[in-house]
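> Next one to model:
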Amino acid sequence: MKVGLFFGSFNPIHTGHLVIAEYILEFSDLSEVWFVVSPQNPLKSPEDLEKDEHRLNMARLAVHEDNKRLKVCDIEISMPRPSYTIDTLTKLGELYPGKEFVLIIGSDTLQTLPQWKSYRELVSNFDFLVYPRDGNAYRQDFPSERFSLVDAPVIGISSTHIRSIITKGKDVLGYVPDDVWDYIERHGLYGYKGIKISNL
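The predicted structure is shown next:
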């Protein structure tokens, strides 16, 4: 069984993540896609990063139980920090020896890939599915033949933008699944203090 690993902070998970995952499932030979919630990306600042439990809970709310092809993976939460993809893959290989893991990354990640721990080992031993983050994705060179560009739609949504909208007191319903928005409201995440109604 081929499993696509979609790594991310998911801070928060949004509809764009789900659209990409569903598209890749439909137009690749993957059997499942796992959202791997990362506690800390060593190449990013932990600033504005919500607690692990909140990001995990939101990811689980976004992925409905009746969808057997999408799953949430919490393996990195219990691993040493910061989390390194090569270590996670080693651990997953030990736990699920019958599965073949494929990495799903955005085209913008290609620029920082050489900075990843054991970069050469990763690009030599694992397949990568790359989804476009902008139009330039179709003109990029890949590090090896194990990389494939998925002709997925470019999604103009980012977690950074969503957090900014929430901080300004605006509604992001539609950008995130309904259950995720309810969770953000209920727990006051990302500086949420209620919706500001503009005077007409």
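> pLDDT below threshold where in this protein?
For the chain, the stretches flagged by pLDDT under 70 are 43-47, 196-200.
> and Val176, what does it touch?
Neighbouring residues of Val176 by C-beta atoms under 8 Å, 6 or more residues apart in numbering: 12-15, 58, 62, 162, 184. C-beta: built from backbone N, CA, C; applies to glycine.
> And for Ile162, the neighbour number?
Around Ile162 there are 24 other residues, counting by other C-beta atoms under 10 Å.
> okay, the host helix or strand of it in CSV with CA atoms only?
With elements taken from DSSP states H and E, the one containing Ile162 is helix 159-167. Output of helix 159-167 as CSV, limited to C-alpha atoms (Å, rounded to 0.1, in the frame of the first residue of the first chain):
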residue,chain,number,x,y,z
SER,A,159,-2.6,29.3,7.3
THR,A,160,-0.6,32.5,7.8
HIS,A,161,-3.3,34.5,6.0
ILE,A,162,-6.0,32.8,8.0
ARG,A,163,-4.3,33.6,11.3
SER,A,164,-4.1,37.3,10.2
ILE,A,165,-7.8,37.4,9.4
ILE,A,166,-8.7,35.9,12.7
THR,A,167,-6.5,38.4,14.6
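> Buried ones in the following helix or strand past it, by neighbour count?
Later in the chain than helix 159-167, the nearest helix or strand by DSSP H and E is helix 178-187. By 16 or more other C-beta atoms under 10 Å, the buried positions in helix 178-187 come out as 180-181, 183-184.
> Helix 178-187 - contacts with which helices or strands?
Applying 3 or more C-beta pairs under 8 Å, 6 or more residues apart in numbering; DSSP states H and E, one finds that helix 178-187 contacts helix 52-62.
> and the angle for the helix it packs on with helix 159-167?
100 degrees (axes from the mean of the first three to the mean of the last three C-alpha atoms, to 10 degrees).
> Identify, from the buried residues of helix 178-187, the entry nearest to Pro114.
Val180 (33.4 Å; C-beta to C-beta).
> The closest residue to that closest one other than its chain neighbours: neighbouring residues, count only.
Spatial nearest neighbour of Val180, excluding adjacent residues (C-beta to C-beta, 6 or more residues apart in numbering): Met58 at 4.8 Å. Applying other C-beta under 10 Å, we find 27 residues neighbouring Met58.
> Met58 contacts Tyr183, doesn't it?
Yes. Met58 lies in contact with Tyr183 (C-beta atoms under 8 Å); the separation is 5.6 Å.
> Val150 and Val130, how far apart?
7 Å (C-beta to C-beta, to the nearest Å).
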